[in-house]
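> Predicted model and sequence follow; I will ask about them next.
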Amino acid sequence: RLKPSGAMEMEGKSSAKKKKVRTTNPPAEEAVTAAAASLLTEDLILEILSRLPARSVHRFKCVSPAWRDLIADPAHRKKLPQPLAGFLYSTYHGPDHRFYNFHFAKVPGGAAQPVDPSLSFLPSHEYWYVDQLDTCNGLLLCRAHKFPSSPSGDDDDPLEYHYIVCNPATGRWVGIPALPPVPAGRRVIARLAFDPAVPSHFHVLQFEDTEQDKYITGVTIYSSQTGAWNYRESRLPEKISLFAGLTSVFFQGMLHLYGLLYPVNTDYDAVLVAVDMEGKVWKTIGV
């Protein structure tokens, strides 16, 4: 709006005063900030930095030589987030190529130590063998088969097993309660969903299909937060058969898997199946 010339003049003087005041504030603010920063001990600085993403931590090496040396000190590596060390990939094995092992590929220049995905940290006296099923953002999902309860047991009896989620970089792992045995002829596909932004929480999804037709009928979801399994029927409008040998991708809160429209025709109608962690939202994306 238009203003009287006097008002405009007064406003201009006021702005000039503000500008003059602003030029005198930064040195004082910097002095206060420097004084406050001097009160932070190395332990406090490490505690703060340990809660930040790795990218931010390594940018803060530029703050000062003292911070650079503090962050780069090998004694502090376990406390601070590390940059990407490498990635896990799988290869098939077995006579029918139904099983696969995960391997670690180190990224050149990665500061973290190489990862051993052989799972040597698991108690070998408890498990007969361990199947590696899936990987998601650095965690591994495995199916651990226990030793038979008696040597004279029937060879046709299925081995007791439960799922294990582990971090091969740290050797930490947790066992997950097993579900009731699946009837003969039914297929089970288990997948892992893990968001590194919420490192204390993960989900295991066990998909089930029909005995004869082999298309998804539902999913049972385990939450590490509740410690319980919950079954959800499929809400897909189409009949879709999942690929058992392919891993999945956890993206924006939904697990994505590769499948084919059922019955499979000669054109191979490929789709991505996406389901949320409560089993309430199901989507298909044409490929």
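Looks like it came in fine.
> can you tell me which strand in this protein is longest?
The longest strand of the chain (DSSP state E) is strand 127-136.
> what sits up against that strand?
88, 90, 99-102, 117, 119, 122, 140-148, 159, 164, 190-194, 202, 247-248, 250 (Cβ atoms under 8 Å, 6 or more residues apart in numbering). Backbone N, C-alpha and C define where each C-beta goes, glycine included.
> Check stretch 60-76 too.
42, 45, 46, 49, 52, 57, 58, 80.
> returning to that earlier point: pull up the pairing partners for the longest strand of the chain, direction included.
strand 139-146 (antiparallel) (DSSP bridges).
> from the middle of its chain, how far away would the helix or strand just after the partner strand be?
Of the helices and strands lying after strand 139-146 in sequence (DSSP states H and E), the nearest is strand 161-167. Strand 161-167 sits 15 Å away from the centroid of its parent chain (Cα atoms, centre = their mean, to the nearest Å).
> other SSEs contacting strand 161-167?
strand 139-146, strand 172-176, strand 188-194, strand 202-209 (3 or more Cβ pairs under 8 Å, 6 or more residues apart in numbering; DSSP states H and E).
> With mean neighbour count added, can I get these in TSV?
Formatted as TSV, the helices and strands packed on strand 161-167 follow (neighbours: other Cβ atoms under 10 Å):
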stretch	mean neighbour count
strand 139-146	21
strand 172-176	15
strand 188-194	22
strand 202-209	22
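> which stretch in those strands has the least confidence?
Here the lowest mean pLDDT among those goes to strand 139-146, at a mean of 89.
> starting at the chain centroid, how far to stretch 53-60?
With Cα atoms, centre = their mean as the basis, stretch 53-60 stands 20 Å off its chain's centre.
> how about that stretch as PDB, C-alpha atoms only?
This file holds the C-alpha atoms of stretch 53-60, laid out as PDB (Å, rounded to 0.1, in the frame of the first residue of the first chain):
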ATOM      1  CA  PRO A  53      23.700 -40.200   9.500                       C
ATOM      2  CA  ALA A  54      27.100 -41.300   8.200                       C
ATOM      3  CA  ARG A  55      27.000 -38.700   5.500                       C
ATOM      4  CA  SER A  56      26.600 -35.800   8.000                       C
ATOM      5  CA  VAL A  57      29.300 -37.200  10.300                       C
ATOM      6  CA  HIS A  58      31.900 -37.200   7.500                       C
ATOM      7  CA  ARG A  59      30.900 -33.700   6.400                       C
ATOM      8  CA  PHE A  60      31.600 -32.600  10.000                       C
END
